[in-house]
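> Give the three-dimensional model of this entry:
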Amino acid sequence: MKSEMGADGGRQPERSGLSVPLLEARGLCRSFGRKRVLEDFSLQLFPGEMAALSGANGSGKSTLMKLLAGLLKPDRGEILYGGKAIPPGSAALSRMLAYLPQENPLMPGLSVRDNLALFSGRREGVSEEFIRAFALEGLMQVRVKKLSGGMQRRVAFLASCCMGQPVFLLDEPTASLDLEQKAVMRGWMKKHRDRGGALLVATHDEKEIAACDRVIRL
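Numbers count the residues shown, from 1 in each chain. Predicted coordinates:
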């Protein structure tokens, strides 16, 4: 079950139907053993939209994110990207969406530079503009395992989202960050939305929820 409300508490207006959702889930169900985590969940995420995914711990937020990212298979239902079904693990899906999990996705024994090159799929890694924005200039040769938790989260965000995919799936993106870096991340999220991207943000952070266009409650 879910409810969708605007960040100001009001219902979102109906869309004209002319815009194709960048991400759409229809009737998703998922169980683990006898425990039903998601039941008949549906979602549409449109260009230029940022939606907060809210709910108590254990309500299924991370499970939903993994389903949408193609890392888990639903028991029932379908997921469409730009109106099309795309096979999980395919290059086409990687070009369509960026997924930042709640757990650290980085390779701890590799340097920051090597992690960024690995995630971006490009030997040169990411642009200097991104590196400066996330204050990583002096850390590119440092192994990830030597970084603080907040710094690792910063690198993980950049590694996951550096290719400019239209859809961002962010699971607690600013966890363990200080206030300054939270603001930097939120700025990048807003910029992506303003450029026509779509974001689904699982968060307990009240400021992040307030910055979203609507709230989806599990």
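> Give me the outermost residue of the protein relative to its centroid.
Largest separation from the mean C-alpha position in the chain: Arg34, at 28.0 Å (CA atoms, centre = their mean).
> Just the element for Ser31, please.
strand 23-32 (DSSP states H and E).
> C-alpha coordinates for stretch 64-76, CSV please?
Only the C-alpha atoms of stretch 64-76 are listed here, as CSV (Å, rounded to 0.1, in the frame of the first residue of the first chain):
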residue,chain,number,x,y,z
LEU,A,64,11.6,-1.5,-3.7
MET,A,65,14.8,0.3,-4.7
LYS,A,66,16.5,-3.0,-5.6
LEU,A,67,13.5,-4.2,-7.6
LEU,A,68,13.5,-0.9,-9.6
ALA,A,69,17.2,-1.2,-10.1
GLY,A,70,16.9,-4.7,-11.5
LEU,A,71,18.8,-6.3,-8.6
LEU,A,72,15.8,-8.3,-7.4
LYS,A,73,13.0,-9.9,-9.4
PRO,A,74,9.4,-9.2,-8.4
ASP,A,75,7.0,-12.1,-7.6
ARG,A,76,4.5,-10.3,-9.8
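> and the next element down the chain from the helix ranked longest in the chain?
Counting by DSSP state H, the longest helix found in the chain is helix 179-194. Next helix or strand after helix 179-194 toward the C-terminus (DSSP H and E): strand 198-202.
> Which other helices and strands does that next one contact?
On a contact count with 3 or more CB pairs under 8 Å, 6 or more residues apart in numbering; DSSP states H and E, strand 198-202 meets strand 35-45, strand 49-54, helix 61-68, strand 167-171, helix 179-194. Just so you know, the C-beta spots here come from the backbone N, C-alpha and C atoms, and that holds for glycine as well.
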